[in-house]
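Engineer: coordinates only, no sequence provided:
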């Protein structure tokens, strides 16, 4: 039977969080990738790219891998009861429960990262303890059947790591070669560890209000989950 991978869609997701891993997963042999949303209406990314779901929460088949991308729309996704209910329902039967970028906070809000090591976008790493996760500043973190990827472009690395677990390293290497995934960025500023401190400070300040809002809303949702017996 084919491996079924379900990738969550929600308004204002970051499309590369989704499409980078999708490109890897879609090239895996004996694999079906399902784009899952609350309805079949096209979903607009945070920069307006429309993505068409394959199936709905209600009609989605059983999943072997559950994958949640991130993006500016994560807080609305976190506060959507149907989205959280879908994740909580499907996670126990999935072989792997995964995320890319701030999708980790969505998993966390559903109570699915409590007691796990995890990563996310560097600007949101310090929010992971709110949902009971241990933050790790790495590009990919694997803790039992939880696999989380760092910010945006880390989704390709993350997906190759998942492919290696599901189909073996040789298959993952073949996918990487076909994608010609051989990064050679023009600038050495893709991480707060390598970027100039002044650039990191400006970027952090520009996101300050978003992060403060995210922190308070995330804490409120997770508190409600715990109060409702969602540990």
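Structural biologist: Nice, I can see it. What you see is a predicted model; the values in this text were computed from it and never measured.
Engineer: hmm, residue 106 and residue 87 touching each other?
Structural biologist: Yes: look at residue 87 against residue 106 with C-beta atoms under 8 Å: they come within range, at 7.2 Å. Any C-beta I mention is one placed from the backbone N, CA and C, and that applies to glycine too.
Engineer: what element comes up after the helix or strand where residue 22 lies heading to the C-terminus?
Structural biologist: When elements are assigned from DSSP states H and E, residue 22 belongs to helix 15-26. Helices and strands here follow DSSP H and E; after helix 15-26, the next one along the chain is strand 31-37.
Engineer: same for the helix ranked longest in the chain, what does it pack against?
Structural biologist: Assignment by DSSP state H gives helix 208-227 as the longest helix of the chain. Judged by 3 or more C-beta pairs under 8 Å, 6 or more residues apart in numbering; DSSP states H and E, helix 208-227 is in contact with helix 74-78, helix 103-109.
Engineer: next one: the residue lying farthest from the centre of the chain from residue 204, what distance?
Structural biologist: For the chain, the largest distance from the centre (C-alpha atoms, centre = their mean) belongs to residue 198, which lies 28.2 Å off. Going from residue 198 to residue 204 by C-beta to C-beta, to the nearest Å gives 11 Å.
Engineer: with residue 158 instead?
Structural biologist: 24 Å.
Engineer: so who does the nearest residue to residue 214 once chain neighbours are set aside touch?
Structural biologist: Nearest residue to residue 214, sequence neighbours excluded (C-beta to C-beta, 6 or more residues apart in numbering): residue 75, at 5.9 Å. Counting by C-beta atoms under 8 Å, 6 or more residues apart in numbering, residue 75 touches 213, 214, 217, 218.
Engineer: again with residue 2
Structural biologist: Counting by C-beta under 8 Å, 6+ apart, residue 2 has contacts 30, 31, 32.
Engineer: kindly state the pLDDT recorded for the first one?
Structural biologist: Per-residue confidence (pLDDT) for residue 30: 97.
Engineer: equivalent analysis for residue 229, please.
Structural biologist: Residue 229 is given a pLDDT of 69.
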